[in-house]
Structures are given as C-alpha cells and as structure tokens.
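Student: compute the structure for the input listed below.
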Amino acid sequence: MSTSSPTQAFGIDIGGSGIKGAPVDLQRGELAAERHRIPTPQPSLPDAVADTVSELISSFDVPAGMPVGVTFPAVIQQGVAQTAANVDDSWIGTDVDALLTERTGHDVFVVNDADAAGIAEMTFGAGQGVPGVVIVVTLGTGVGSAMFVDGTLVPNSELGHLTLHGAAAERYMASSAREREELDWDVWAGRLQEYFSMVEFLFSPTRIIVGGGVSKKHEKFLPLLDLKTEIVPAQLRNEAGIIGAAALASQEEHHLLAQQKKAAKQAKKAAKLEKKKAKESAKGEKKSGKKTGKA
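Tutor: Presented below is the predicted three-dimensional model:
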C-alpha cells in the first residue's frame, strides 16, 4: 500500500495491555493487512504511548494523506480525554487528538473505544440500516456501550455505569463477573435480563447488539433473554475497534475537507464581491473628479 485512497484508512486500538493497528478496507469493512501489535508502555504516560503509536504507524507504509482513527479507553470530548480507564491518570485533560497528530504527522481522529466498536457494527455489521435507537453493548472486563439514533452516534454513553443493585451494573453482569463468580449460563443470563430490561425501559431501542469476546458463545445466553427489543450478537468482534476507528477517521476527514472547501468558496466569493465594490468605488471617484474639473 503506497498511495492514499478514499477506500482505505488506518485504525489503531489503544488498550491497557496492547496497542494494535492496521490499514482498513472501507468498502469491505475488514483489515487490508495483518494487524500489528505493540505492548502498551508501562507506565502508560501520554508521551510514551504517543511514541508507541508513531512506531506502530511507521511499521506500515502509510501514505501522508491517509487519515488515522484511534480508539482510546476514555470519555472523549473534542479530542480531549475526560477520564482514563486502564491507562495512566495523567491522560485526563490531555488533548489526545492534538498530541497524536503532532507526534505522528498524520491527521488523527480519536474516539472512545466502545463508540469505535459501535461505529464498526453500524457501518459494516449488525446495525447496518437499522432505524431508531440502536445500542451496542460490549461484555468484557467491564461493560462498554455505544448508542445511535438513526445511525448518528450519541458519544460516551457509558451504559455499563447504570446503577443496578446499588452499584455500577458492570460489576454485577459483566463477562468478568460470570468468570469471577463461576456463574453458569442460566444464572448469568438472569443478571443480563435485569440489565437489558432496564436499558429497554429507559431507551426503547429498536435493536440491541451484544459484542465482546463472550459474544462468540451468544447461543448459550442470548436465547435465554426475554425482551421486546430484538437482541443480536455483534458481527465484528476482535477487529471492531480498529475498523470503527478507521471508518470514523474517513468520515471526519471527508467532513473536514468539505468544510474547508466551503470556506474557500465563501472566501473566494467575498474577495470577488470586495473587488467589485472597489471597482465601483474607483469608478465613482473618477466621475466625481471629472465633474470637479469641469467646474
């Protein structure tokens, strides 16, 4: 891969233990090359992680004009990390967008990791073309979520932190809780029933999509749930973060270029108008000068 193409973008998934990345085929919704993984620096300070991201990109022949999407385990607002999960607390308040853009030399677009997985599902997976409210829930060590309204992301939903039995729901019904407490599938499904019934009541979704590693065994627990809402397994699993980040980067880059083009067009129009006004003003002054001369 040696030339930039609108059909490709680069995706990076930053996690507490590893940083993974690969170019993504945006037409097929799959990796365009084998992903590369580098262990996350310990401690995971901003400068060290930024250097690792730069190293990861350098391991591929990434064209200068190719946008880069990066997932980050935090609430992200205007590119700034508001929280930090599984990375050093010094990330809080850091402009992740600006740091990685400066360090890598590429246009970087940062997104919450669960939102990235949701974008992948909505673009290429089980959420394609689904209207109304779609909620993507990833079951793992914790519970990640992504919410969409008619295909538009509502960022940083954090539905794993809804309160259930006096604490964050993820402590009670995450995949890690099933493993930690050695729950059988029936008992764990009962906990999921409580959680998803609450989500259904609060948001009235059209479809719920369940991801995370445990979704590979969805036939063991999803059929046990009794909801009005259609609930289905995610189609993109391990690569969802990378694919979703790349898709977002492509969308944001396109939007940015469209804005720049519009601004350039408006500037050109304003300059043309100004030139016309100056010409008319000069013409008026010339006429005034002739009248003065005759007088």
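Student: which segments of this protein make up each domain?
Tutor: Domain assignment of the chain by automatic domain parsing yields the ranges 8-106, 117-237.
Student: span of the first one from start to end?
Tutor: Taking C-alpha to C-alpha, to the nearest Å, domain 8-106 runs 14 Å from one end to the other.
Student: what mean pLDDT does it get?
Tutor: Averaging pLDDT along domain 8-106 yields 95.
Student: now the helices for the stretch 151-295 of the chain?
Tutor: Secondary structure of the stretch 151-295 of the chain, counting by DSSP state H, counting those that start in this stretch: helices at 169-173, 175-180, 185-203, 240-294.
Student: the stretch 1-150 of the chain too?
Tutor: With DSSP H, counting those that start in this stretch as the criterion, the stretch 1-150 of the chain has helices spanning 46-58, 96-104, 113-124.
Student: returning to what we had before: ranked by average pLDDT, which of the helices of the stretch 151-295 of the chain falls at the bottom?
Tutor: helix 240-294 (a mean of 75).
Student: wait, residue 86 sits on residue 18?
Tutor: No: judged on C-beta atoms under 8 Å, residue 86 makes no contact with residue 18 at a distance of 10.7 Å. C-beta here means a position set from N, CA and C on the backbone, and glycine is covered the same way.
Student: okay, the two: which has more neighbours?
Tutor: Each of residue 86 and residue 18 has its neighbours counted (other C-beta atoms under 10 Å); residue 86 has more, 15 against 12.
Student: name the nearest residue to that one, sequence neighbours excluded.
Tutor: Computed as C-beta to C-beta, 6 or more residues apart in numbering, the closest residue to residue 86 that is not its neighbour in sequence is residue 16, at 2.9 Å.
Student: about what we covered before: out of the domains of the chain, the one nearest residue 273 is which?
Tutor: Nearest to residue 273, of all those, is domain 8-106, at 32.7 Å by C-beta to C-beta.
Student: follow-up on the earlier one: now for the helices of the stretch 151-295 of the chain, which one comes closest to residue 135?
Tutor: Among the helices of the stretch 151-295 of the chain, if distance is taken as C-beta to C-beta, the winner is helix 185-203, at 6.4 Å.
Student: if we can go back for a sec, now the domains of the chain in TSV, with distance to residue 251?
Tutor: Below are the domains of the chain laid out as TSV (distance: least, C-beta to C-beta, whole Å):
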stretch	distance to residue 251
domain 8-106	9
domain 117-237	8
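Student: how about these, which one is nearest residue 281?
Tutor: Across the domains of the chain, residue 281 has its closest neighbour in domain 8-106 (42.6 Å, C-beta to C-beta).
Student: show me what contacts the closest residue to residue 119 other than its chain neighbours?
Tutor: In space, residue 119 comes closest to residue 244 once its chain neighbours are excluded; the distance is 3.8 Å by C-beta to C-beta, 6+ apart. The contact partners of residue 244, by C-beta atoms under 8 Å, 6 or more residues apart in numbering, come to 11, 69, 71, 111, 115-121, 123, 236.
Student: in TSV: these, plus neighbour count and distance to residue 22.
Tutor: Rendered in TSV, the data for those read as follows (neighbours: other C-beta atoms under 10 Å; distance: C-beta to C-beta, whole Å):
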residue	neighbour count	distance to residue 22
11	32	6
69	31	11
71	29	13
111	29	16
115	28	19
116	29	14
117	33	15
118	33	19
119	28	16
120	31	13
121	28	18
123	20	16
236	20	13
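Student: no further queries at this time; thank you.
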